[in-house]
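*Asks:* generate a structure from the sequence data that follows.
(one chain, ligands or ions: 1)
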Amino acid sequence: MASYKVIKINGVAISTGNTKLGAIPSVSLAPWLSCHRNGPRDCTRACYARKLARLRKNVSNSWESNANIWANNPSCYFDAIRKFLYTTNVPRFRWHVAGDIPDIAYFNNMRDIAESFGDVHFLTFTKSYNIMALPDLAIPKNLTIRVSAWPGLQWTLNKGVMLKRGYPIAWVSQLKEAGAGYTDTIPSDAVACPGCCDNCDRCWANDAQHVVFKAH
Ligand code: SF4
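*Replies:* Here you go, the predicted structure:
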């Protein structure tokens, strides 16, 4: 079985992979310091990352430390990711196994990094609908933004613009918190996540619009 590790650069913890992603490196932020709330039925209670953080203190500490480095010294945080990409030559990089895009300045750095590393394909999932709805948001082809449909108030309000902009969407099924009717809105052509990314590229394809995950 492949073994993965956490590399620290400028104090920023970057994971070289995990059992779900396979050998795809990632950087994460503590959800409680970076995610947006999505209205009355927000995602806090069902968040798998928060569950993992409660079980594994070292993981929780790394995510929290990354978020603090970003908040106090954003250049240090993004330089660490650039250094990692310069030195490892990886073909893919995943933003935020935990956490989300906290603000537009953060997104602009993600975009700049994607433009600097044209041979790397970047992927993130986001519920930062307010950022993704901004007009004239330039997104490089090698940065796939997959918007997570969440059955809270803000999704209902933002669904139309997210679909109109053509973002690939990640839906969630079998969610206890989902309100009546949410499941019916999952498109019939949404492809179910098989569970391990080693042999699946679905989420990375900009033209693959709908993927559906079971709540976990
Ligand atoms: S759909 Fe495929 S690429 Fe996306 S998370 Fe599931 S296994 Fe990974």
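*Asks:* output stretch 192-205 as CSV, nothing but the C-alphas.
*Replies:* Extracted in CSV, the C-alpha atoms of stretch 192-205 (Å, rounded to 0.1, in the frame of the first residue of the first chain):
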residue,chain,number,x,y,z
ALA,A,192,-21.7,8.6,-9.0
CYS,A,193,-18.3,8.9,-7.4
PRO,A,194,-16.7,5.4,-7.3
GLY,A,195,-14.9,6.3,-4.1
CYS,A,196,-11.2,6.3,-5.0
CYS,A,197,-9.5,8.7,-7.4
ASP,A,198,-6.7,6.4,-8.4
ASN,A,199,-8.5,5.2,-11.5
CYS,A,200,-11.1,8.0,-11.9
ASP,A,201,-10.6,11.4,-13.5
ARG,A,202,-14.2,12.5,-13.4
CYS,A,203,-13.8,15.5,-11.0
TRP,A,204,-10.8,16.8,-13.0
ALA,A,205,-12.6,17.1,-16.3
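*Asks:* pull out the buried positions in that stretch.
*Replies:* C193, C197, R202, C203, W204 (16 or more other Cβ atoms under 10 Å). Backbone N, C-alpha and C define where each C-beta goes, glycine included.
*Asks:* which positions in the protein make contact with the ligand?
*Replies:* C193, P194, G195, C196, C197, C200, D201, R202, C203, V211 (Cβ under 6 Å from any ligand atom).
*Asks:* narrow those residues to those in strands?
*Replies:* Residues from these lying in strands, with DSSP state E as the criterion: V211.
*Asks:* which one of the residues of the chain next to the ligand is nearest to V6?
*Replies:* When those are ranked by distance to V6 (Cβ to Cβ), C197 comes first, at 18.5 Å.
*Asks:* what's the lowest-pLDDT member of the buried residues of stretch 192-205?
*Replies:* In terms of pLDDT, the lowest of these is C197, showing 83.
*Asks:* wait, it touches T19, no?
*Replies:* No - with contact defined as Cβ atoms under 8 Å, C197 and T19 do not form a contacting pair (9.9 Å).
*Asks:* now tabulate the buried residues of stretch 192-205 in JSON lines and tack on distance to S15.
*Replies:* Below are the buried residues of stretch 192-205 laid out as JSON lines (distance: Cβ to Cβ, whole Å):
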{"residue": "C193", "distance to S15": "20"}
{"residue": "C197", "distance to S15": "13"}
{"residue": "R202", "distance to S15": "21"}
{"residue": "C203", "distance to S15": "17"}
{"residue": "W204", "distance to S15": "17"}
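*Asks:* just these now: which is nearest M162?
*Replies:* For the buried residues of stretch 192-205, the residue nearest M162 by Cβ to Cβ is C203; the value is 15.9 Å.
*Asks:* that closest one: what's it in contact with?
*Replies:* Neighbouring residues of C203 by Cβ atoms under 8 Å, 6 or more residues apart in numbering: L123, F125, T144, R146, P168, A170, C193, C197, V211.
*Asks:* for A105, give me its contacts.
*Replies:* A105 neighbours (Cβ under 8 Å, 6+ apart): P74.
*Asks:* if I look at it, how far off is P151?
*Replies:* Here A105 is placed at a distance of 29 Å from P151 (Cβ to Cβ, to the nearest Å).
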